[in-house]
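Visitor: Build the 3D model from these lines:
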Amino acid sequence: MKSLSLTQVVAIGSFALLAAAGAKAESYEGVQPLASAKSRAEVNAEAARTASAPDQNVVRGSRGAETMAVSRDRAGVVFEAMRTAAAPDQNVTSGSRVNSKVVSTLQNPVDARAAAAGNSNRL
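Guide: The predicted structure follows:
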């Protein structure tokens, strides 16, 4: 009997590994079937409408300010913004200091001015 050289043993081993890997390969089942809610004609019609739409390539906001629904009166929003901006403890939170609790003891300047003017416009 003839003895095998190291190169031949490595070659036979690598071919054996390739054969084993090939036996475990998955089968290809092709592209999965398409499931769509729209027909081809509906998709084509929608594409045609979109392609012919005016200003389709204009970025949002370049046509000016967009409208929005108003849910509160302007005076109330302005008053709330002024009152919040003038609050004496607006930048202090309970985590600002170790073991501290925020208790607002100072009167809001907007409320003080309103009380002095006799206007009771409170939130």
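Visitor: Tell me how many other residues surround Ala87.
Guide: 16 (other CB atoms under 10 Å). Heads up, the C-betas are built off the backbone N, CA and C, glycines and all.
Visitor: Could you check how far it is from Gln56?
Guide: Separation of Ala87 from Gln56 (CB to CB, to the nearest Å): 46 Å.
Visitor: And for Ser5?
Guide: 71 Å.
Visitor: and the lowest-mean-pLDDT helix or strand in the chain, what other elements does it pack with?
Guide: Scoring the helices and strands of the chain by mean pLDDT, DSSP states H and E places helix 6-23 at the bottom, with a mean of 78. The helices and strands touching helix 6-23, judged by 3 or more CB pairs under 8 Å, 6 or more residues apart in numbering; DSSP states H and E, number zero.
Visitor: Off-centre distance for the next helix or strand after it?
Guide: Heading C-terminal from helix 6-23, the first helix or strand you meet, by DSSP states H and E, is helix 40-51. Remark: helix 40-51 is offset 29 Å from the chain centroid, using CA atoms, centre = their mean, to the nearest Å.
Visitor: now helix 40-51: mean pLDDT?
Guide: Taken as a whole, helix 40-51 has an average pLDDT of 90.
Visitor: rewinding a little: list the buried residues in the least confident helix or strand of the chain.
Guide: When neighbours are counted by 16 or more other CB atoms under 10 Å, no buried residue of helix 6-23 is found.
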